[in-house]
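**Q** need a structure here:
(chains A and B)
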Amino acid sequence: MIESDMAGTRNTPDRRSLLQSAVAGSTLFPGIVQQLLADSGDPLAARQPQFPGRAKNIIFLFMTGGVSHVDTFDPKPALTRDHGKEIKADHPEIKDRPGYERIFLKRPQWNFKRHGQCGTEVSSLFPNVAECVDDIAMIRSMHTSHSNHYNATLGMHTGSFAFSRPSLGSWVSYGLGTMNQNLPGFVVIAPKQTYAGTQVYASDFLPGAHQGTVVVPGATPVTNIAPRVPVSRQKMELAALRAMNAKHLQSRNNDSLLSARMRSFETAFGMQMAVPDAFDFGQESEATLSTYGLQRNQTTGFGWQCLAARRLVERGVRFVELIDTGSSGNWDAHGDMMSHVSLAKNVDRPIAGLLKDLKRTGMLEDTLVVWTTEFGRTPFNNTADAKGREHHPWAFTSWLAGAGVKGGMVHGATDEYGLRSVEQSVHIHDFHATILHLMGFDHEQLTYRHAGRDYRLTDVEGNVVKNVLA
Amino acid sequence: MIRCSSKNTWLVIVPLLIMLQCDVSGAADDAFFEAQIRPLLIEHCYRCHSGKKTNGGLALDTRSGWQKGGESGPAIIPGKPDESLLIQAINYESLEMPPQDAGGKLSDVKIAALTKWVRLGAADPREEVEHLGGMSLQEAKSWWAFQTLPPAEEHPDPADVDRFISAELASRSLTANARADRRTLIRRATYDLTGLPPTPDEVERFFADESDTAFATAIERLLKSPQYGVKWGRHWLDVVRYADTAGENTDRPLPHAWRYRNWVFDAFNDDLPFDQFVHMQLAGDVLPADGSPQKMSEGIIATGYLAIARRFGHDIDKDIHLMHEDVIDNLGKNFLGLSTGCARCHDHKYDPLTAEDYYALYGIFSSTRFSFPGCEPKGQPRDLVPLLPQTRIDELTQAWQQRNDEAVAEKNRREQSTTESRNRLKEQAATSSRVLATAAVGEGVSVSFADAERESLKPFAIRKGEVLQLTVFPNDGHGADSTLVDLQITDVGNTDRQWNISDVIPDLLSGNPHQASHGAVWCFLEVTDGPKFLAERQDGIDGHADLSAWRFGDTPSIFVNRSNEPVNVWTSLPATSFFVHPGPRRPVAVAWVCPDDAVISVSGRVMDAHRSGGDGVAFRLEHIASSESGAALVALGQSQNASDIVVEPSPVVPVAYAVVEGTVGDAALHKRGDPEQPGDSVPRRWVSILGGDVVPEGAGSGRRQLGDWIAQHPLTARVMVNRIWQWHFGTGLVATPNDFGSRGQRPTHPQLLDYLATQFIASGYSVKAIHRLIMNTRTYQRSSDVSESSATNDAENRFLTRFARRRLNAEEIRDSLLAAADNLDTTVAEAHPFPAESTWTYTQHNPFSAVYETNKRSAYLMVQRQRRDPYLALFDGADPNASTPVRQLTTVPTQALYFMNAPFFHDQAARFSQRVLTAGGNSAKSEQVKGQQRIERAFGLLYQRQPTATEYAAAAHFLDQYPGGLQEKWAAYARVLLAANEFLFLD
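**A** Modelled structure (predicted):
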């Protein structure tokens, strides 16, 4: 049981817990230390879930700023029909807001069409993703508890709308460890920070080994990864260091605390090779690159992020989150919905490429792909011809694809205007419970003892959405 | 709450009545209950309605549970099954209980049994136990941590401490390690008390002292070092989750929080008695000061403890209950080792704390005015607390006024005349303006003057002093967009004479009015109500040095991109370009004052340069054919900028981010923690299990009393001595230092804990006295060797068979690297170089974010809540959002990467190697001797010892083999030595 293994590591820095080291198979290392490390309580050691989960890895696609559901994945003909009609709503974004005393329905700006065998409707903003609907479980009844970016983004990542709590990725890393010790278990690829900053991928009270490692698209995606002296020299330094440390260790009863740190240098050296390798697309074929809409040698863009995600998952990384923009210049279309055009164009082909590529390689069998945003956008505005839409926590669309997910289906529904989630509503806690279920965890059982209480991702809420399970 | 408190007398009376009633039929009813009802309740109801789990607030495992009932009221009315909610629910009439997922509706037989039981009076012999939160009252009153302390020893002796430890060792047949060697001891004590490595001098002095008191002497020296306060103050900052930003959605800087940080450091250095230390943090502003301004100011600064509470949300005031929770939660954990925050939504589930206790404390803090850090919808900080008495502030203000009266008056006179001339210019423009071109510019559209001409744009005559003006208006009163402007004026008679608005780009900030070639002048104006020169000079925008502006606030403005490259900000700004940006309802104009009579042609365009940013703009190009206008306009600009009147900046009164008394009143309980559901008002008082005293009428918020209650409770002393113990040994006698409640661990040596707490109080709450008592023990001075028996029988070292080896913490690592490089500045740091408050425009889209490098001690690094300092996060620094009682210590490869490739590490290693290479440069010595001395010096500086022969040989071999010159070889060797475990671990 995970809890009993790990409970209390925060407050009792005993030998075992101090040994929170990412260590594993290294050919350079003396056998004796390997043995010492065999039972090191390594938090990143690969471990079994509570029950066999269908998914072994997650790629979490986060669209920052609030994607309009009624313009993308949730068709609302009545909204077009009743465009300009005045409605009343006790909505958090218009309460006490000057100029918003009256609100009017605003029609979607893009046409929806049926796609695939299943006939799920998708708007013309996502023509490529539309081709993949047979692999997608579309959840049109999402809702959340806050209408601010900061709080809603924090909620979608940690289940908490105000306080810092461990991120979903950290919980997964805590529950399952990593399959490749030369790479972190939880990687976040983001061109810029999103709302709520580093809190969205923080391990918080979980052991620090579970915090997200940030990769910024570009020539050197990971901090301190590039050697500052030629590798031949670095090897000399590491050999001298190893000799000094070995002697130091010998006179200290082979203290595993010390050997863990020695080993971390071996792993770091491995990472120094493995990380650039994961981000070197040189061996990818032209066909693959084009699937993601990538040019050869391109090192930025969402296509790059998607292909990097596949390569990381391929190498055993448990949880890869892709953030498409950052806390500005994102989907937050108050001014004009037309900004959705370029933002959708930026991600549509890469996402479809990722799904197709995962399917082609068979990886979609055990990789769960999650697409979401922090909230939807209002189907109304304060004038009938306003160009933008406001924040909308009452309803939005997210989708799941891949391992354990029933493809080609739609779960839940909003009312005729997309104002409220009315059928089979899925709160973010339910969404989290479902994701953990797919990974092989009962969300009520994946807990961590902190400050005298057992914490979990879903707090005291959450129901698994069984309908979307294959 | 105690279920017998006077307010709920009815709860007590009712069961008495029932018991009387029950006694009539007596034993038979009890037998019926035991035979049929109890098993039924256990089987079908307890899962959701007993113990800690009381769905809907209903408990069915006690008599009082169903009497009090849940959210819908009492569950059973004895004798009246029809009116009893429970009976209705099991019949699926109102609620449906048990629900489908818990077994579904009961069988008819069972329903009949329950109905009969209720009809007969619901006899329920189950024992009543009074509860206080999560404990029975009995248990709570006898809880170990709340008990009084034993009497103090008159002559406390470290040997007393050793006796407690030895007794426990003996009872477990454990053998403790021998004393560590002297080199280990001086290194251990120096890091322990100052967070720094001992200098070679200090080591030498310690080695030279052969007396028995050598170690005690060293301890005294270290306790006197000002670096002691930095190290131990930082421990305290961990538990109070100190940060330099507010934590709300924009994570605004707290430019004055440093005063509290430094006060904490000073308090430890001065050995401020801990009870006073506690009291000042809660109520320093209202404690009777001795009248000295110094003391008054310190008292205010100390309350920074409360002010640095985390702020939440977009509009802090809307989530103020969360800030209060953060305060109550933190003071509970910090001072009392109790998780008080748990009682916000409901009574504590495990400890004797109730929701009423929580709201009793809440009232104290809602009666307090906290400094406000600012937030996105509410702008800049306010309610900062001045650190000077009002009389002194008045003196300063009066003196300033006297010195500046005349200048201020003159300034006012000029402003008056400026207004007059502005009005004149407005009139002139109105009467002599000829509109040349005008148009609306749609979203992302570019419109040339020719496209928009109203009259012919053919060359026209213009006289000296007349004005050509291009005005850009926001559309429909909205904020408008960044608007690109091209404007070229050519003297048709002499085409060498040309003026292009792009001419101003390289030196935009040289002036407004802006001198142009051939005597012409450009003016950049807001023209909402007559011309007004954009007066605020802004060099650099959003961190882009190539952008500069003349503006009023954010907008209206005119700005340029000087760079030869496009700059990406809110939109992509093309290379070398000129923009205007109207404000909401505030148009902007560019005016050109004609230098000589001429015939000119005008060309150019206006383009909405921020597609999707808003609603487009409109423009008007006009010729103001009044020859006085130009001169008057320039004169207006000059007088607006007049620099000959010097008004001193008004006197700066130092302020603290602190608290003062606010509007005093009790707080209402928030049902389920929701401020939208207020319950009864709860009198401000102390936690009931710890005394429950009430804040007296007229006593203000009650913080002063709260300070007394906390400072004087033995629990507070127990919690603090346990922390001191833990910060010396790695683990506390209570291994959960923030939790002395039922979910925490029991002390391994309860008598020792009480002994230390008693001596702490007897010493006048001297923290340094406890250091002496602890560090002079044999227990503290043991070696850290892990013997086989100790590894097996005391694996976690809870019985102190050895000293716990530890890795240096984040601050110690960085300080040690700087110290090795002889690059550490040990002087006191004050404020962080935050941008001036007036320039803040942080939003949740663009929150504050910065990392400030410093060579001062790492305890002074700027701590951000939303975006953790990457270095501190990497090496397990304290959590700036929650109390960190124990630093987590992880060993991860990304830390090793830091020691392999981080520029800071390489830099310090290079400096260290220089230090070694340049020392003792006696050229007469042979290279071999010099080489040997360098290695010795390096080992001495870093490890406080000489290299062994093998180590010397290995070093020489490495230096010989490593490619490059002496510098490169030594820089590489320095990296090896600084990355070694011997440098990073403390034995």
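**Q** ok, the residue sitting furthest away from the middle of chain A to residue A:390 distance?
**A** Among residues of chain A, the one most distant from the C-alpha centroid is residue A:251; the distance is 45.0 Å, by CA atoms, centre = their mean. Summarising the geometry, the distance separating residue A:251 from residue A:390, computed by CB to CB, to the nearest Å, is 67 Å. C-betas here are computed from N, CA, C, even on glycine.
**Q** What of residue B:785?
**A** Shown here: residue B:785 relative to residue A:390, a distance of 66 Å by CB to CB.
**Q** One more: residue B:691?
**A** Between residue B:691 and residue A:390 the computed distance is 51 Å (CB to CB).
**Q** Tell me where the model's unsure across the stretch 251-400 of chain B.
**A** B:289 (pLDDT under 70).
**Q** What segments of it are strands?
**A** For the stretch 251-400 of chain B, strands defined by DSSP state E, counting those that start in this stretch occupy the ranges B:368-370, B:385-386.
**Q** Now find how far off-centre the last one is within its chain.
**A** When you say that, I think you mean strand B:385-386. Here strand B:385-386 shows a centroid-to-chain-centroid distance of 20 Å under the convention CA atoms, centre = their mean, to the nearest Å.
**Q** quick one: contacts of it?
**A** When contacts are taken as CB atoms under 8 Å, 6 or more residues apart in numbering or on different chains, the neighbours of strand B:385-386 outside the stretch itself are B:285, B:300, B:303, B:371, B:393, B:653-660.
**Q** Contact partners for the closest residue to chain A within the stretch 101-250 of chain B?
**A** For the stretch 101-250 of chain B, the residue positioned closest to chain A under CB to the nearest CB is residue B:249, at a distance of 4.0 Å. Residues in contact with residue B:249, defined by CB under 8 Å, 6+ apart, are A:148-151, A:195-196, B:313-314, B:375-376, B:844, B:847.
**Q** Now residue A:94: closest residue in space that isn't a chain neighbour?
**A** If the residues on either side of it in the chain are set aside, residue A:94 comes closest to residue A:100, at 3.9 Å by CB to CB, 6 or more residues apart in numbering or on different chains.
**Q** For residue A:431, see how far away the residue nearest to residue A:459 when sequence neighbours are not counted is.
**A** Of all residues not flanking residue A:459 in the chain, residue A:159 sits nearest, at 5.8 Å (CB to CB, 6+ apart). If you measure residue A:159 against residue A:431 using CB to CB, the figure is 10 Å.
**Q** How is chain B divided into domains?
**A** For chain B, the domain assignment from automatic domain parsing gives the residue ranges B:6-128, B:433-630, B:900-986.
**Q** follow-up on the earlier one: now the strands of the stretch 251-400 of chain B in CSV, please, with extra columns for distance to residue B:604 and mean neighbour count.
**A** Formatted as CSV, those follow (distance: least, CB to CB, whole Å; neighbours: other CB atoms under 10 Å in any protein chain shown):
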stretch, distance to residue B:604, mean neighbour count
strand B:368-370, 53, 22
strand B:385-386, 53, 19
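**Q** Hmm, residue B:531 is touching residue B:523, no?
**A** Yes: with contact defined as CB atoms under 8 Å, residue B:531 counts as touching residue B:523 (7.3 Å).
**Q** Now for these two: what residues contact both?
**A** Between them, residue B:531 and residue B:523 share the neighbouring residues B:589, B:591, B:633, with contact defined by CB under 8 Å, 6+ apart.
**Q** how many neighbours does the second one have?
**A** Neighbouring residues of residue B:591 were enumerated by other CB atoms under 10 Å in any protein chain shown; the total is 27.
**Q** Also the last one?
**A** Counted with other CB under 10 Å, the neighbours of residue B:633 add up to 27.
**Q** That one and chain A, how far apart?
**A** Distance, residue B:633 to chain A, by CB to the nearest CB, to the nearest Å: 35 Å.
**Q** got it, and the first one?
**A** Plainly put, residue B:589 is 25 Å away from chain A if you go by CB to the nearest CB.
**Q** if I pick that residue, what's in contact with it?
**A** Taking CB under 8 Å, 6+ apart as the criterion, residue B:589 is in contact with B:469-472, B:523-527, B:531.
**Q** what helix or strand is it on?
**A** Assigning secondary structure by DSSP states H and E places residue B:589 in strand B:588-593.
**Q** hey, C-alpha coordinates of that strand in CSV?
**A** Backbone C-alpha positions of strand B:588-593 (Å, rounded to 0.1, in the frame of the first residue of the first chain) are rendered in CSV as follows:
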residue,chain,number,x,y,z
VAL,B,588,-4.1,61.6,-28.3
ALA,B,589,-2.5,64.0,-30.8
VAL,B,590,0.8,64.6,-32.5
ALA,B,591,1.2,68.2,-33.4
TRP,B,592,3.8,69.8,-35.7
VAL,B,593,4.6,73.5,-35.3
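**Q** circling back: now do the residue farthest from the centre of chain A, the pLDDT please.
**A** Turning to residue A:251, the model gives it a pLDDT of 88.
**Q** what separates it from chain B, distance-wise?
**A** Distance, residue A:251 to chain B, using CB to the nearest CB: 9 Å.
**Q** could you measure the spatially most central residue of chain B against residue B:868, distance?
**A** Residue closest to the mean C-alpha point of chain B, counted by CA atoms, centre = their mean, is residue B:243 at 3.2 Å. If you measure residue B:243 against residue B:868 using CB to CB, the figure is 10 Å.
**Q** Alright, I will stop here.
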